[in-house]
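[1] here is the input, now give the coordinates:
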Amino acid sequence: MKIINRIMVSSALLVFLSFVLLLTVISIIFLLFPGDPGKELLDKDVFRAGEILDRFDASASDWESLNARLSIYGYKLLVMEDDHVVFSTLSDSQGSIINSLKPLKLEQSTAAGRVQEMTFAAVADGPYSIFAVGGRTDNLKIRNGFLQWFLIFCLMFITVILLLSQLFTRKMVWLILRPLNALADGAKRIENGDLSKPVVYTGKDEFASVCAAFNRMQEHLLQEREKTAAYERARNDLITGISHDLRTPLTSVKGYIKGVRDGVANTPEKREQYLSIAYEKACDMEVLLEKLFYFSNLETGNLPLSLKREDLGDFVRRFAANIRDELDNKNIKMTVEITSAPHPVKIDAEQMRRVLLNLTENALKYANADSLVLRISVWCEDGMEHLLFADNGQGVPEEHLSMMFERFWRGDEARSAKSGKGSGLGLYIVKYIVEAHGGLVTAKNDNGLQIKISLPGGKEETIFEENTYR
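    As a prediction, this is how the structure comes out:
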């Protein structure tokens, strides 16, 4: 049975049983306290009629005179002798009253009673049985009428109460089922894949918070679906791009090796040149595959962090020294600016070195400067250690700054097409590693692209634990 039917039936039964109980109690009261019929139903003038009969001398047989005195009090005279009517002022329609009085055996003393809703007084005088019949039966009629109208009123009252009860119950059920139906419709829409329509409920009761929570859940599902769809599109783009990026060096490797085999490189110098180029292209492929493997570890949460105390300034100096020769070969200048104060941090040196390598690679690919200069600055501010990686290139369009650290982002078409080697993972890996260290990374344009990394200072002992994983 549906909830609405259960509520309606329960409400009706409650009202009906309440009034049945009320009628039962009233009926019991009438049965237990019926009153005194002799006093309650006999006419009050019956005793006067009895006195008249008691003082009358039946030997005179002056029945007309006796009838006249009784008529003053609304009584009629009936005289019988041996079951024969001697005198009667009763109408023909009251003949049944005579038949009812005949069996009565009267004594010399006056008697009173009721017959067919009429009061009578009677006395025996010699051979005569004298009856005074009449009086009012208002008390009985009033009592019978009261019971009748009381029952009718109760039935009408029960009917009205039942109708009102059903009306208000239906209204209450509607108030309850309206948000439930809205939630059910919303759940059915979600099941069918429609996440665009929220649950509309304007009430201010407990269901309002439930519907609001449902809408927030639906919005979250919609955002996740859109994010997943964007991620899948980016993943497909990545696969397409990587296929292209792998095909280019692979084709070069095959071409130069074939050149060696076919004797195109017919001198030792040419063979050395061909092999060097093939090796360089194979290294490019290895770097690309290494990035993909690294990204796979990020996505599965298998990137270990072995945090140890380091001085961020010393770490940056070592990195610059190690990479300086490679940059000099490419006519790229790198400067380091570090304040004199200590810069204690807890970092994974290998992962942080990858961060700086990715930033350097990003600058080499996209700075587009005639004479590229890279600058790394380190300073302390507000209990945080800050590292700024800046170049003197063309920067990034302002509308792209907020998307630079998203996975698979490659920037505008011109920049992507320029090198053809971007995987869209470098800056995403930078952000991931920095945030895994409890830090923050931001970017802005200022005479080139500036990427700022903020890390908690080493004095904040509670931020890191040794060998944490994300």
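[2] run through the strands of the protein in chain order.
    Per DSSP state E, the chain carries strands over the ranges 75-81, 84-88, 111-115, 118-125, 128-134, 304-305, 308-311, 333-338, 344-347, 373-381, 384-391, 440-445, 449-456, 468-469.
[3] tell me which residues of stretch 446-463 are tucked away?
    Gly448, Leu449, Gln450, Ile451, Ile453, Ser454, Leu455, Pro456, Gly457, Gly458 (16 or more other C-beta atoms under 10 Å). Where C-beta positions appear, they are placed from N, C-alpha and C, glycine not excepted.
[4] which pLDDT value goes with the third one?
    With respect to pLDDT, Gln450 scores 93.
[5] please name the bridge partners of it.
    On DSSP bridges, the residues paired with Gln450 through beta bridges are Ala390, Lys444.
[6] is it true that it touches Leu387?
    No - Gln450 is beyond contact range of Leu387, at 11.0 Å (criterion: C-beta atoms under 8 Å).
[7] in contact with the closest residue to Phe157 other than its chain neighbours, which residues?
    Nearest non-adjacent residue to Phe157, counting by C-beta to C-beta, 6 or more residues apart in numbering: Phe19, 7.4 Å away. Counting by C-beta atoms under 8 Å, 6 or more residues apart in numbering, Phe19 makes contact with Cys154, Phe157, Ile158, Ile161.
[8] was I right about Ala369 contacting Ala390?
    No - the pair Ala369 / Ala390 is not scored as a contact, 11.6 Å apart, by C-beta under 8 Å.
[9] those two: which is more packed in?
    Between Ala369 and Ala390, counting by other C-beta atoms under 10 Å, Ala390 is the more crowded of the two (22 against 14).
[10] got the domain boundaries for the chain?
    3-36+141-184, 44-136, 206-298, 303-469 (automatic domain parsing).
[11] turn those into CSV, columns for distance to Val200.
    Below are the domains of the chain laid out as CSV (distance: least, C-beta to C-beta, whole Å):
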stretch, distance to Val200
domain 3-36+141-184, 7
domain 44-136, 71
domain 206-298, 8
domain 303-469, 33
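[12] out of those domains, which gets the lowest mean score?
    Looking at the domains of the chain, the lowest mean pLDDT belongs to domain 3-36+141-184 (a mean of 71).
[13] quick one: Met172 from Glu219, how far?
    Counting by C-beta to C-beta, to the nearest Å, the gap from Met172 to Glu219 is 31 Å.
[14] please apply the same query to Ile239.
    Ile239 is 30 Å from Glu219, by C-beta to C-beta.
[15] hmm, back to that, need the overlap of contacts for Ala369 and Ala390.
    Listed as contacting both Ala369 and Ala390 by C-beta under 8 Å, 6+ apart are Gly448.
[16] Val133 pairs with what?
    Applying DSSP bridges to Val133 gives these bridge partners: Lys76, Phe120.
[17] residue contacts, it?
    Tyr75, Lys76, Leu77, Leu78, Leu90, Gln94, Ile97, Leu101, Val115, Met118, Thr119, Phe120.
[18] spatially, which two of those residues are the most separated?
    Pairwise distances across the contacts of Val133 peak at 15.0 Å for Leu77 and Val115 (criterion: C-beta to C-beta).
[19] higher neighbour count, these two?
    Per other C-beta under 10 Å, whichever of Leu77 and Val115 has more neighbours is Leu77, with 26 against 17.
[20] spatially nearest residue to the more buried one, not counting backbone neighbours?
    Using C-beta to C-beta, 6+ apart, the closest residue to Leu77 is Asn67 (4.0 Å).
[21] hey, where'd the helices end up in the stretch 1-150 of the chain?
    Taking DSSP state H, counting those that start in this stretch, the helices of the stretch 1-150 of the chain run over residues 3-32, 37-41, 46-55, 63-71, 95-101, 138-191.
[22] understood, closing this out.
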